[in-house]
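>>> next one to model:
(chains A, B and C)
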Amino acid sequence: MGNTVTNQAMTHFKSQVFLILHQSQVGECFSYGEIATLAGFPGYARQVGQLLKKLPKDTKLPWYRVVNAQKRISFIEGSEAYLRQKERLEAEGWLIIAGKLKYKDQ
DNA sequence: TTTCGGGCTCGAT
DNA sequence: GATCGAGCCCGAA
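Next up, the predicted model:
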């Protein structure tokens, strides 16, 4: 068992992460670490990734608005997951130049 | 109990 | 920039 935090705290962590994503707007983009900190759990970047990984494929949550701290998609370039995320981001006005995310006209 | 692998980060070369 | 190493934290093996 992981002893670091209580199950209750983990449950709270999850709901906070989901809430933040649910409330995010088109054109926004965060890093895993930012989401963790906003949720009140700094240092939990990897846990955010674990959570998003578990989301059902048809989820309505904008999981794709989360990239790594370098503003790069955290999947192997060219992989299916990478392409799915890239498409969705581009559909919201993001451009990917040399692997890095840039907002349109900026 | 220990080890290891993940949609991670940050500081130092 | 690009790489590397060391932290980070949980769950599964």
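
>>> what's the top helix by length along chain A in contact with?
Of all the segments of type helix in chain A, defined by DSSP state H, the longest one is helix A:7-23. Outside helix A:7-23, the residues within contact range by Cβ atoms under 8 Å, 6 or more residues apart in numbering are A:5, A:30, A:35-36, A:38-41, A:44, A:47-48, A:51, A:61-63, A:65-66. From N, CA and C alone the C-beta is placed, and that goes for glycine too.

>>> so which elements touch whichever helix or strand comes after that helix?
Counting by DSSP states H and E, the element after helix A:7-23 in chain order, helix or strand, is strand A:30-31. For strand A:30-31, the helices and strands in contact under the criterion 3 or more Cβ pairs under 8 Å, 6 or more residues apart in numbering; DSSP states H and E are strand A:66-67.

>>> the strand it packs on and DNA strand C in contact?
No: under the criterion of Cβ under 7 Å from any atom of the strand, strand A:66-67 makes no contact with DNA strand C; the nearest approach is 14.4 Å.

>>> that'll do, ta.
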